[in-house]
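> Sequence first, then the predicted structure:
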Amino acid sequence: MTNSNNYEALYRQALLIRRVEEEIIRLYPSDKVQSPVHLSIGQEAVAVGLCSLLKPEDRMFATYRSHAFYLAKGGDLNAMMAELFGKVDGCCGGKGGSMHLAYPQVGFMGTSAVVASGIPNAVGNAYANKILGKSDLTLSVFGDGATEEGVYHESLNFASLHQLPIIFICENNQFAVHTRLQARQSYAIREHVQSYGIDTFHIKEGYDFCAVQTQFAQMLESYRENPRPLFIEIDTCRYMEHVGPGEDFYGGYRDESEQAEWRANDPLLTDLQTYEALLPAVNQLIENSVAFAEASPFPTITDLYQDVY
């Protein structure tokens with residue numbers, strides 16, 4: 001049973017993520033946001049439940065749809081907003097934008113716009129940890145579409161072969177851009193993972209941050225008793241279009257009824273009492289972050305050559 005203080009803390013984190021992305025939607029037509037955005041509205045509970053159990057030194061390698069993971073892992077909101085605005089005080093100096101967020105101070109490593117490209121980086125980090133005898137955890141987060149890439153299979157094979165201390169997290173929202181999973185994959189994801197000799201787990205309640213936290217805690221216990229590759233598939237639902245600030249029901253590849261069950265279980269839509277209680281403080285944080293981004297200067301020509309090797 002999740003206690004009320006824990007529930008409120010998880011709820012507040014999920015609400016912050018959703019309200020940040022809703023603010024991005026509001027700002028997007030103004031062209032202040034200087035990059036494409038891949039929103040995670042509907043998927044917040046996955047990031048919140050997982051990251052609530054991580055330490056700052058645990059390293060996470062995620063995807064270009066990573067606003068939720070950046071914030072849940074402890075990334076600075078002001079630095080994120082400034083990054084989206086292309087400003088020098090952004091977490092990547094205004095050079096990365098939405099798809100290349102990074103905040104290594106809390107173990108959130110750089111993300112990439114290339115599908116599955118973070119997976120081998122995570123495996124390399126886990127390999128280094130094993131060689132150096134470090135107990136820090138490495139998490140590799142990716143979508144179901146990444147399981148179709150060659151580097152994904154190479155990485156799972158290498159991780160299993162060397163029994164690396166890594167946990168693979170597959171956020172399965174059933175779609176790669178506009179294409180359903182059934183039209184793309186002749187295999188069942190977890191069954192295929194098992195062929196590499198990797199233990200697999202499944203979290204069905206990806207809308208419930210408490211359920212994700214509780215089940216992930218049990219999996220972490222198994223991992224700590226015997227550090228090795230683990231694979232967790234988490235069912236989730238992307239409410240918005242693949243890329244951009246809008247919905248995509250007009251596209252004809254899915255309709256609103258497919259989200260009805262998910263939305264009916266979404267605490268950010270159903271627990272309005274907690275929503276209303278936490279909303280003012282959350283909104284103030286977001287308002288402050290936008291003001292910070294507005295006040296931050298754009299990079300100069302000199303800044304262009306910083307961090308280039």
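Right, received. Where do you want to start?
> Now H178. Nearest residue, chain neighbours left out?
The shortest distance from H178 to any residue other than its chain neighbours is 4.7 Å, reached at Y253 (Cβ to Cβ, 6 or more residues apart in numbering). No exception for glycine: its C-beta is placed from N, CA and C like everyone else's.
> what's the spacing between I24 and P56?
Distance of I24 to P56, computed by Cβ to Cβ, to the nearest Å: 26 Å.
> just S66 next, same as before
17 Å.
> From the neighbour counts alone, determine which of these two ranks first.
Set S66 next to P56 and count neighbours by other Cβ atoms under 10 Å: S66 wins out with 29 against 13.
> Isn't the more buried one up against G110?
No: using Cβ atoms under 8 Å, S66 makes no contact with G110, being 9.9 Å away.
> Overlap in contacts, those two.
Residues touching both S66 and G110 (Cβ atoms under 8 Å, 6 or more residues apart in numbering): L101.
> since we're on R184, how many residues are nearby?
R184, neighbours per other Cβ under 10 Å, totals 14.
> Can you name the residues that contact the residue nearest to H178?
Shown in contact with Y253 (Cβ under 8 Å, 6+ apart): 175, 178-180.
> can you pull out the helices in this protein?
4-27, 44-51, 67-72, 77-84, 118-132, 150-161, 189-194, 209-225, 257-264, 267-270, 272-295, 301-304 (DSSP state H).
> what's the span of stretch 39-58 from first residue to last?
Using Cα to Cα, to the nearest Å, the end-to-end distance of stretch 39-58 comes out at 24 Å.
> can you check stretch 139-153 too?
End-to-end span of stretch 139-153 (Cα to Cα): 16 Å.
> Quick check: mean pLDDT of it?
Mean pLDDT, stretch 139-153: 97.
> now it: how far from the chain's centre is it?
Centroid separation for stretch 139-153 versus its chain: 14 Å, with Cα atoms, centre = their mean, to the nearest Å.
> can you check stretch 66-86 too?
Put simply, stretch 66-86 sits 11 Å off its chain's centre (Cα atoms, centre = their mean).
> Which positions in that stretch come out as buried?
Residues of stretch 66-86 classed as buried by neighbour count (16 or more other Cβ atoms under 10 Å): 66-73, 75-86.
> quick revisit: just the buried members of the contacts of Y253?
When the contacts of Y253 are checked for burial by 16+ other Cβ under 10 Å, the buried set is F175.
> and the contacts of Y253 as TSV, adding distance to C210 and pLDDT?
Listed next are the contacts of Y253 as TSV, based on distance: Cβ to Cβ, whole Å; pLDDT from 0 to 100:
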residue	distance to C210	pLDDT
F175	26	91
H178	32	91
T179	32	92
R180	29	90
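> Mind picking the two most distant members of the contacts of Y253?
The distance between the two most remote of the contacts of Y253 (Cβ to Cβ) is 8.6 Å, for H178 and R180.
> how close does Q218 get to I232?
Distance of Q218 to I232, given as Cβ to Cβ: 11 Å.
> More neighbours: those two, which one.
I232 (24 against 10).
> Just list the residues touching the closest residue in space to the more buried one that isn't next to it in sequence, thanks.
Leaving aside its chain neighbours, I232 sits nearest to F201 (4.7 Å; criterion: Cβ to Cβ, 6+ apart). Taking Cβ under 8 Å, 6+ apart, we find F201 in contact with 215, 219, 230-233.
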